[in-house]
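> pasting the sequence and the predicted model now:
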Amino acid sequence: MNAPRPDKPLHFAAFVMNTTSHIVQGTWRRPSARQADFNSLDHWVNLARTLERGKFDAIFFADVVGLYAPYRGDERKYFEAGLQVPSNDPSVLASALAYATEHLGIAFTASILQEHPFNFARRISTLDHATQGRIAWNIVTNYLPNASRNFGLDGLTAHDERYAWADEYVDVTYKLWEGSWDEDALVQDRERGIHADYDKVHRIDHVGPRYRVEGPHLVSPSPQRTPLLFQAGASEAGRTFAAKNAEAVFVQSPNPAAALRDTTDIRERAVAVGRRAHDLKFFQGLYVVPASTEAEAERKAAELDEWIDYDAQLSHLSGALGIDFGHEDLDTPVGEIQTEGVQSIVGWIRDVVTDRPATLRDVAHYTATSLRIVGTPEQIADGLANWRAHGVDGINLVNYEIPTSYEEFVDHVIPVLQDRGLAQREYREGSLRQKLFGAGDRLPERHQAARYRGAFGAAPETAAELAEAGV
């Protein structure tokens, strides 16, 4: 039975990383897998063209700038499994992917840790020009001690302090993107010999706890000015940050009911800071295993499971949590492990494995398979409709194999979704922001970045009021 037709189609992004092994570990070894070709530009260009053929909204690149915490005392497993190392800078691919496509958005992750905001703002504006407004920034802090040490810090900055740092970081970029150049400052008047109106370009004179930035921004206003803003924080501080800043929120809710709870919470926070509930779109991370019959899909999933490297799955979880499970056997019951912090894992895995004591292998299997839908294209469409009914606006589609995961979805699932009104048939014209929201290329006035429009060329009394308000 078909699910009820939603008011709007779901949005789709491809969740990838410029590396060999990203989320589902070990499947790069399959004969048909091409993840190991990540150094090839053709690999990414071909994928981008496939995604555009399927009317995906964006390709979304994850990234980290350090190694995960040690597993069995060191990082050997990550290198042997190709688990997010080696990994390349995803932003370098953006121009090429945009040149090879016409509509596909290019979203990439960049941490506040890895680049000064002045130079980052310049690079983003350049890319937004080059892509004609198709750039999105996934704003992240950092949770890896090795990454902190790579950038000269002694160790990991305290959690809430990282978000205070992020508040200032985005504040600097907003000032540069939204306030430094007036809309009509770039005149390029050949007859008068005036390229830019000096009086309409402004220094920002930012002075804060971490940054002193005089300005002005070196790039004239790009199609979006501020790129489309993604964010994925799940903590209390992260949710508050998303409510203030994000336009698209990447969530990994364990089930649709949890998604409704999570999306409702962040939307309510957004309203509390003066935004509208639907100024944010939520993208759920999951993947699918489609086939023409349910039995064939189950067979494919079982065969896929045989390729999963469960030790690598556990190392990924260990490295992210900072809890080294590597000295335990995979068949060790979770309840017998005395490692500090393991009780939270005991709680959620007991809800999944109910007929026997859950083991570390169960935990690893869960991390690889919990957020997937196995079935016919119609069954997958039913599942996605259910997520849509629980507050989700889009899907960040994880892969177990490139290009197969996306080719099968585009060729077999997208047509069913389009027939049900769950996927777009054509792209809307304009920037990525216009494509997703249909309200123009620029951030709405309700977003906190908009307060900097005209702020630095304001009359003295207005400037004094802004300064007194902390702007």
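Here it is on my side, so go on.

> can we go C-alpha only for contacts and neighbour counts from here?
Fine.

> buried set for stretch 413-421?
413-418, 420-421 (16 or more other CA atoms under 10 Å).

> pick out the most distant pair among the residues you listed.
Val413 and Gly421 (12.5 Å; CA to CA).

> Ala166 touches Ala110, doesn't it?
No: in terms of CA atoms under 8 Å, Ala166 does not count as a neighbour of Ala110; the distance is 11.6 Å.

> which one's more surrounded, those two?
Between Ala166 and Ala110, Ala110 has the larger neighbour count (other CA atoms under 10 Å), namely 23 against 19.

> and the more buried one, that one's in a helix?
No: under DSSP: H, G, I helix; E, B strand; the rest coil, Ala110 falls outside any helix and is assigned strand.

> got the contact list for it?
Residues in contact with Ala110, defined by CA atoms under 8 Å, 6 or more residues apart in numbering, are 63, 137-140.

> I'd like these laid out as a markdown table, including neighbour count, secondary structure and distance to Asp311.
Formatted as a markdown table, those follow (neighbours: other CA atoms under 10 Å; DSSP: H, G, I helix; E, B strand; the rest coil; distance: CA to CA, whole Å):
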| residue | neighbour count | secondary structure | distance to Asp311 |
| --- | --- | --- | --- |
| Asp63 | 23 | coil | 22 |
| Trp137 | 23 | strand | 32 |
| Asn138 | 23 | strand | 29 |
| Ile139 | 22 | strand | 30 |
| Val140 | 21 | strand | 27 |
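
> could I get the residues you listed as CSV with pLDDT?
Listed next are the contacts of Ala110 as CSV, based on pLDDT from 0 to 100:
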residue, pLDDT
Asp63, 97
Trp137, 98
Asn138, 98
Ile139, 98
Val140, 96
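
> list just the nearest of these to Gly383.
Using CA to CA, the contacts of Ala110 come closest to Gly383 at Asn138, 26.3 Å.

> okay but that closest one is in contact with Leu229, surely?
Yes: counting by CA under 8 Å, Leu229 is a contact partner of Asn138 at 6.1 Å.

> which residues touch stretch 384-404?
Residues contacting stretch 384-404 (CA under 8 Å, 6+ apart): 3-4, 6, 10-16, 23-24, 27-28, 32-35, 47, 60, 250, 256-257, 259-260, 263-264, 281-287, 405-406, 422.

> selection in PyMOL covering whichever of those are buried, please.
The command below creates a PyMOL selection of those among the contacts of stretch 384-404 that count as buried (16+ other CA under 10 Å):
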select buried, resi 3+10+11+12+13+14+15+16+23+24+27+28+33+34+35+47+60+250+256+259+260+263+281+282+283+284+285+286+287+405+406+422
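
> among the contacts of stretch 384-404, which are located in strands?
Of the contacts of stretch 384-404, the ones assigned to strands by DSSP state E are 11-16, 60, 250, 281-287.

> between these, which sits nearest Thr367?
Set against Thr367, the nearest of these by CA to CA is Leu286 (11.1 Å).

> could you pull up the residues touching the closest one?
252, 371-373, 395-398.

> what's the closest of the residues you listed to Phe437?
When these are compared against Phe437 (criterion: CA to CA), the nearest one is Ile395, at 15.8 Å.

> the closest one in helix, strand or coil?
strand.

> do you know the pLDDT at it?
The confidence metric pLDDT takes the value 98 at Ile395.

> neighbours around it, how many?
What Ile395 shows, counting by other CA under 10 Å, is a neighbour count of 24.

> what's the answer for Ala439, then?
Neighbour number of Ala439 under other CA under 10 Å is 11.
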